[in-house]
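**Q** what's the 3D shape of this:
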Amino acid sequence: MSEAAFRDLYRRLRGQTQDSGAGRRGALDRLTAERVVAAAAEVRCGRHVSLAATVETHDAPDCPEPATHRMTAPTHDENGTSGLVFARDRFAMNVHDDVDSHLDALCHVIFDGELYGGVPASTVTPQGAGALTLDLVRDGIVGRGVLLDVPRLREVPWLEPGDQVTTEDLVAAETAQGATVGPGDLLFVRVGHRLRRRSLGPWDVSRARAGLHPTAMEFLAERGVAVLGSDGNSDAAPSTVAGVAFPVHVLAVNAMGLHLLDWLDLEELAAVCEQQERRHFLCVVAPLRLPAATGSPVNPIAVL
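**A** All right, here's what the predicted structure looks like:
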C-alpha cells in the first residue's frame, strides 16, 4: 500500500469519525448506557475468563525490557520474628512493550504532529500527557465483546508472522462463527499469537507479526466499533504501508479515536466460546487510575 493511498484512507476514516459526532472520548461515545445494559444480557452461564497474558519478567526476543518484580519485605531478619509482619513487593514495567497485555490511550499515537481530534502533540511532555489520557477510562470500559477467530476461519492453529487479516476475513468470520459486530462493541480479533509463542517459542515480533491490514479498519468504522483488541498488537510486521510503521495504530487511535488492547491472550476465551457456541459476551476492562498516562497494563474479563 502506498503512503498516498494510506493517507487517503486516513483522511476518510478521520472524516467519518468527525461526522459521527465522536467527542474527546473518541469511539467510547458509542458505548451508551443502553448498550451497556444490553451487554449485561449476554451473560448466560456465569463463566468468566481473563483475556490477559501473564506479565513477562524474563528476557526474551520479544521482551528486551521485562517487567521487574521484587520482594521488599519481609527481610531476612523479619522472617524469624514473632508477631505481625507484612510481605511487600514492588513492580515496574514498560507499559507499551511487545509482550504484556495493555491498553493504549488516545494520547499514545502522534501523527503529523497531532493526536486524535487535532489535539496538538505538544500536550504530551516529559511530565506526562495533558489531554486524551488514561483518565478518559478511569471508570473502566464495559460493553458487549465479540470474538472473531481468524485462524479458526482459515482452519489453521495460528496466522504466521507477516500475515494480514482483511475485511473479507472479518466478514467471513462473522458468518462462519455466528457473530455480528455492531455499534459500541468491543471487537477482539484472534490471530493465534499466544498459541504460536507457546508452541514454538518467542521471536522478534518487531520484525514479523500477524495483524490487520489497514483497509480492515473500514469494517470497524462501518460497524461503529468502540474498542479493538487482539492477541497481537493489531499491526502486522513488516508494515504493508511505505513510510508508516504502525498503520493500524495510526488509523485506530489517531484517526478513529479507538482505544486499543494489545497483546492479549485469547486462547481460553476462544475455547470457551467454542464450547458455548457463541461469540458474544459481556466484557469489563479496568485500567489503572493513572491520569496523565498514555496507557496501562490491563486484565480484561469476559463474562459469558
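
**Q** residue contacts, the spatially most central residue of the chain?
**A** By CA atoms, centre = their mean, the chain has its centre lying nearest to Leu261, at 1.2 Å. By CB atoms under 8 Å, 6 or more residues apart in numbering, the contact list for Leu261 reads 51, 101-104, 188, 227-230, 285, 298, 300. From N, CA and C alone the C-beta is placed, and that goes for glycine too.

**Q** need those in CSV with pLDDT and neighbour count, can you?
**A** Listed next are the contacts of Leu261 as CSV, based on pLDDT from 0 to 100; neighbours: other CB atoms under 10 Å:
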residue, pLDDT, neighbour count
Leu51, 98, 25
Ser101, 98, 21
His102, 97, 25
Leu103, 98, 26
Asp104, 97, 25
Phe188, 98, 27
Val227, 98, 28
Leu228, 98, 26
Gly229, 98, 29
Ser230, 98, 26
Val285, 98, 23
Val298, 97, 25
Pro300, 98, 26
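
**Q** out of those residues, who's nearest Arg278?
**A** Closest approach to Arg278 among the contacts of Leu261 (CB to CB): Phe188, at 13.6 Å.

**Q** which element is the closest one on?
**A** strand 186-190 (DSSP states H and E).

**Q** and that strand, what other elements does it pack with?
**A** The contact analysis (3 or more CB pairs under 8 Å, 6 or more residues apart in numbering; DSSP states H and E) places strand 186-190 against strand 141-149, helix 150-154, strand 227-230.

**Q** which of these sits most buried?
**A** strand 227-230 (a mean of 27; mean count of other CB atoms under 10 Å).

**Q** tell me the helices and strands packed up against the helix or strand just after that one.
**A** Downstream of strand 227-230, the first helix or strand assigned by DSSP H and E is helix 247-249. Packed against helix 247-249, as judged by 3+ CB pairs under 8 Å, 6+ apart, are no other helices or strands.

**Q** one step back: let me have the helices and strands packed on strand 186-190 in JSON lines, extended by distance to Leu170.
**A** Converted to JSON lines, the helices and strands packed on strand 186-190 look like this (distance: least, CB to CB, whole Å):
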{"stretch": "strand 141-149", "distance to Leu170": "6"}
{"stretch": "helix 150-154", "distance to Leu170": "8"}
{"stretch": "strand 227-230", "distance to Leu170": "11"}
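
**Q** parallel or antiparallel, list what pairs with the strand holding Phe188.
**A** The pairing partners recorded for strand 186-190 under DSSP bridges are strand 141-149 (parallel), strand 227-230 (parallel).

**Q** what comes up buried for the helix or strand following that strand?
**A** For strand 186-190, the following helix or strand on the C-terminal side (DSSP H and E) is helix 193-200. For helix 193-200, burial by neighbour count (16 or more other CB atoms under 10 Å) applies to 193-197.

**Q** of these, closest to Gly257?
**A** Nearest to Gly257, judged by CB to CB, of the buried residues of helix 193-200 is His193 at 25.0 Å.

**Q** thought that closest one was touching Asp235?
**A** No: using CB atoms under 8 Å, His193 makes no contact with Asp235, being 11.9 Å away.

**Q** just to revisit the earlier point, the strands paired with strand 186-190: which one's closest to Leu304?
**A** Comparison of the strands paired with strand 186-190 against Leu304 by CB to CB identifies strand 141-149 as nearest, at 9.3 Å.
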